[in-house]
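Colleague: Output the structure for:
(chains A and B)
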Amino acid sequence: MSTINKQLKRRSFLKASAAAGGGVVIGFTFLASCKQEKVFNYADLPTPSMPDNWTTMSGYIKIGENGTISIMNPNPEIGQNVKTSMPMIIAEELDCDWDDVIVEQAPLDTEKYKRQVAGGSQSIRHDWDLLRKTGATAKAMLISAAAKRWDVDPTTLTVNSGVITNGKGETLGYGDVAADIIDMELPEDVPLKDPKDFKIIGKNTSNVDLKGILTGQPLFGIDTKEEGMVYASMIRPPAFGQKLVTYDDQAAKSVNGVLDVVQIDNKIAVIAKSNWPAIKAKKLIVATWEEESELENSIGHNSDMDELLAQGSEEPRRKDGDVEKAFAEADEVLERVYEAPYLPHNCLEPMNYFADVREDKIYTKGPIQTPQWTQSRIAGVTGREASEVSVDLTRMGGGFGRRLYGDFAEEAAQISQAIGKPVQLLFTREDDMTAGTFRPASKYKIAASIKEGKVTGYKLTEACMSANMYGLIPNFFPAGAIPNYQVETVNKESNITIGAWRAPYTNFLGFAEQSFFDELADLMKVDAVQLRLDLLEDAKGPAEEDDRIEYSPARMQETIKLAAEKGGWGVDEPGVYKGFSAYYSHNTHVAEVANVIMKDGTPVVDKVICAIDCGIVVNPIAAKNQVEGGVVDGIGHAMYGDFTFENGKPSAANFDKFRLIRSMEAPKVEVHFVDNGLNPTGLGEPSLPPAGGAIANALHKATGERLYKQPFINQNELLG
Amino acid sequence: MAAFNINVNGTNRSVDVDADTPILWVLRDELNLVGTKYGCGIAQCGACTVHLDGTAVRACQVRISDVSNKKITTIEGLSDDLHHPVQQAWIEHDVPQCGYCQAGQIMTAAAFLKENKAPSDQDIKEAMNGNICRCGTYNRIQAAVKTAAKNM
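Modeller: The predicted model follows:
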């Protein structure tokens, strides 16, 4: 059994203050100082009854005298389910009944919480220990409080669902003793549960916002209404590389409901009493733009990247052995180039943000994956101190990486500062799609050498526009598996704004690499799954000796075997063409089998069977949802995601021109978790990268054609 | 601006807006019924789906001047306390991820199931094809519509 006593700061400040409802909030904190918190209104929804008094046990937990427990979700919720799963972990170790729990969304608070970020599929992995210890510490204190009341040894007491029982069978609820913890020392060596005793973790648990979502409650950033708030819509340069010269706002200002038109840097903001007049008036502004830097074209990017691939880099990201020698001595060398376009994120809730820049402080609220960074960005752009800026978090209608970047929050703050009013800035869909932080266009050149039936060398070169999408990737598979191995990255500056897009390093690389290995297996005349298993076997020794290597060859093998078994790999099913792919990213191992069938002469992705090793599954029903969604998203963008530039202007501005995957195109997704009891890793991203490769490999079996270019519909019209 | 009298979720309301204002923005900004979502403004995503006299329509395409004497139903008025079989099925399948598109999905499904009492799997896929779910919860949406069909 693991114990704790190291990381919690030994502080035991007391605070008592009048609560809004007339009761007293007793604040005892062990992770940070305590402030009074706002309680959300759960009116009309069946939730635990609200108590008269809360005892605040930490930044995360409050206990009502009636036994109701409030747990704070520290991290931003973008649809990855952390608002449910993170509090579940606390509740598990607190040993309370989940039905007694209400969940609140924490605002940005750097004293109470660590890493309040939604990104990189890291929330559960990063906070697993912290959340468990938080719950366990509170439980130990509540037991101590009961022991004092009864004057018994705490070890003689048992807890079940928030009820403490002594040897005589007498009981005290958490709510009965919570207030007694005021003078208590922080306990040391608090035991954590054995995972086999988990009652909440591992149990299907409804999304805590489910009822609000299904009844249209104001949960999202776009739903924000604040006293005196006005609405803004922004005009930005229509092409990258342009700047504002002049504008005529006479017609716009005559629209009913329009309050003002103001210039913000290189942009024009229309301020109105509601959204529609702002959107309508925006179209009436006549603006003149001039070229400030080159108006770029995708055709040019394409040849730029070809040149970059030919040049390569003098400084490899990783170099094992001598690939050139291996290639020179090989029986055969396979070399392929894969290409992918820029991609917009297209969160269904367009970017929006509320800001109220006042003389004494700046209050902001909205859907943002990076509240702390946003706080500093807002401080920077308004010339104020970060400590003056508060950031409240709303639920988000998708993130996918777009909401890592607080450009829209900066704009909202600038507008509020300029007009002296609280304002909500809303991007129209056209703004959202054209003023993005796009996944950069990229190309991969992958080459491998074969000698006497073994893969002896592997070289991957990445060319990207603006910035490379590489982090730890040089140390992912097949690093360690192949003795001569080299990864190089090169890029060329562009004025098109870029950023992380769901599974940022690997969303396209997974397809390229896993298509390549499929073709390599064909060339070597070995089974595609067997080739991967063999390479992983070869990687085991090097992975033990080389700390840089990120993935676990053994875990990957288990995951591959599970996918192969569940997907009927090697089992002949008439009319079904199967493709395989396996990819490790964001600390999670994934393998997928895609089934393609022919319908009226057209290849159709019918089903994807996914095996995934994320360790302990905190909330299975939501975890499966993440995996299903990642697979569908990966397939959708591999098949249809087309986004190019001509004279700096994006080729699509709305869903009439940009095709997202829809109901009829989504395959069935079957999910199988590897059951190994290891500490959990994240699920927001890892099922996406292998999906493109799995379907490309299945489509190859069905059509005989290899796919090298995303979106696939641009390479094979049959797929459209 | 002009005053328009409309019926939303069984209640008569009066709003003072321009005649070309889409009911999407009337619902959201004037009546504070924010369950109906803005997604694209061009009838491509379905996030703003509401019922107009029982038929599913895109609220971004319906002007306030076109709805006099018609009844608008939004997600807030679909049922009392989540009792609609479609909402119940959405709970059973824990459908949402981010949740943003789901009101539109539910309104589309509810209108569809009134017309088609025993839909095939293909019928369901087709009926829901106009509603984008960026998170990719289509498997669950389809399963939930199927469950709801049994309970309508």
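Colleague: Would you pull up the residue in chain A closest to chain B?
Modeller: residue A:216 (1.6 Å; C-beta to the nearest C-beta). For every residue, glycine as well, the C-beta is placed using N, CA and C.
Colleague: Not counting sequence-adjacent ones, nearest residue to that residue?
Modeller: Leaving out its chain neighbours, the residue that sits closest to residue A:216 by C-beta to C-beta, 6 or more residues apart in numbering or on different chains is residue B:35, at 1.6 Å.
Colleague: That neighbour and residue B:103: what is the separation?
Modeller: Distance from residue B:35 to residue B:103, counting by C-beta to C-beta, to the nearest Å: 5 Å.
Colleague: Next, show the common contact partners of these two.
Modeller: Residues touching both residue B:35 and residue B:103 by C-beta atoms under 8 Å, 6 or more residues apart in numbering or on different chains: A:216, B:74-75.
Colleague: and which of those residues is nearest residue A:519?
Modeller: residue B:75 (48.4 Å; C-beta to C-beta).
Colleague: correct me, but the closest one touches residue B:36?
Modeller: Yes: using C-beta atoms under 8 Å, residue B:75 is in contact with residue B:36, at 6.5 Å.
Colleague: So between these two, which is more surrounded?
Modeller: Taking neighbours as other C-beta atoms under 10 Å in any protein chain shown, residue B:75 and residue B:36 compare with residue B:75 leading, 30 against 26.
Colleague: Let me have the shared contacts of residue B:35 and residue B:103 in JSON lines, adding distance to residue B:87 and pLDDT as columns.
Modeller: As requested, these are exported to JSON lines (distance: C-beta to C-beta, whole Å; pLDDT from 0 to 100):
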{"residue": "A:216", "distance to residue B:87": "11", "pLDDT": "97"}
{"residue": "B:74", "distance to residue B:87": "13", "pLDDT": "98"}
{"residue": "B:75", "distance to residue B:87": "9", "pLDDT": "98"}
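Colleague: from those residues, which ones fall inside strands?
Modeller: Applying DSSP state E to those, no entry is found in strands.
Colleague: dump the residue contacts of the residue of chain B found nearest chain A.
Modeller: Residue nearest to chain A within chain B (C-beta to the nearest C-beta): residue B:35, separated by 1.6 Å. Contacts for residue B:35 (C-beta under 8 Å, 6+ apart) come out as A:215-217, B:74-76, B:103.
Colleague: Could you single out the nearest of those residues to residue A:114?
Modeller: residue A:217 (29.3 Å).
Colleague: The closest one: neighbour count?
Modeller: 22.
Colleague: Please apply the same query to residue B:72.
Modeller: With other C-beta under 10 Å as criterion, residue B:72 counts 25.
Colleague: State the helix or strand in which it lies.
Modeller: Per DSSP states H and E: residue B:72 is located in strand B:71-73.
Colleague: who touches the one helix or strand residue A:564 maps to?
Modeller: Counting by DSSP H and E, the element that carries residue A:564 is helix A:553-566. With contacts defined as C-beta under 8 Å, 6+ apart, helix A:553-566 is touched by A:477, A:480-481, A:529, A:532-533, A:536-537, A:539-540, A:543, A:569-570, A:580, A:582, A:584, A:589-593, A:609-613, A:670, A:672, A:674, A:676.
Colleague: Show me what the mean pLDDT comes to for it.
Modeller: The predicted model assigns helix A:553-566 a mean pLDDT of 98.
Colleague: List every C-alpha atom in the helix or strand that that helix is followed by, with coordinates, as CSV.
Modeller: Following helix A:553-566 in sequence order, the next helix or strand is strand A:577-585 (DSSP H and E). Extracted as CSV, the C-alpha positions of strand A:577-585 are listed here (Å, rounded to 0.1, in the frame of the first residue of the first chain):
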residue,chain,number,x,y,z
TYR,A,577,-10.6,-5.9,-46.4
LYS,A,578,-8.6,-5.4,-43.2
GLY,A,579,-5.9,-2.8,-42.5
PHE,A,580,-3.7,-2.6,-39.4
SER,A,581,-2.0,0.2,-37.6
ALA,A,582,-0.4,0.7,-34.2
TYR,A,583,0.8,3.9,-32.7
TYR,A,584,2.0,5.2,-29.4
SER,A,585,1.4,8.8,-28.4
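Colleague: Strand A:577-585 relative to helix A:553-566, how many degrees between them?
Modeller: Counting by axes from the mean of the first three to the mean of the last three C-alpha atoms, to 10 degrees, strand A:577-585 lies at 150 degrees to helix A:553-566.
Colleague: chain center to strand A:577-585, what's the gap?
Modeller: 21 Å (C-alpha atoms, centre = their mean, to the nearest Å).
Colleague: ok, the following helix or strand past it near chain B or not?
Modeller: Per DSSP H and E, the first helix or strand lying C-terminal to strand A:577-585 is strand A:588-599. No: using C-beta under 8 Å from any C-beta of the partner chain, strand A:588-599 never reaches chain B; the gap is at least 11.1 Å.
Colleague: For my notes, confirm residue B:125 occurs in a helix.
Modeller: Yes: per DSSP: H, G, I helix; E, B strand; the rest coil, residue B:125 lies within a helix segment.
Colleague: For residue A:97, give me its contacts.
Modeller: Neighbouring residues of residue A:97 by C-beta under 8 Å, 6+ apart: A:161-162.
Colleague: Show the model's pLDDT score for residue 49.
Modeller: Just so you know, I chose chain A. For residue A:49, the predicted pLDDT is 85.
Colleague: Correction: the question concerned chain B.
Modeller: The score at residue B:49 is 98. That number is its pLDDT.
Colleague: ditto for the one 4 residues further on
Modeller: In the prediction, the pLDDT value recorded for residue B:53 is 97.
Colleague: try residue A:309
Modeller: At residue A:309, pLDDT is 97.
Colleague: if we can go back for a sec, tell me what the strand holding residue B:72 is packed against?
Modeller: strand B:2-8, strand B:49-52 (3 or more C-beta pairs under 8 Å, 6 or more residues apart in numbering or on different chains; DSSP states H and E).
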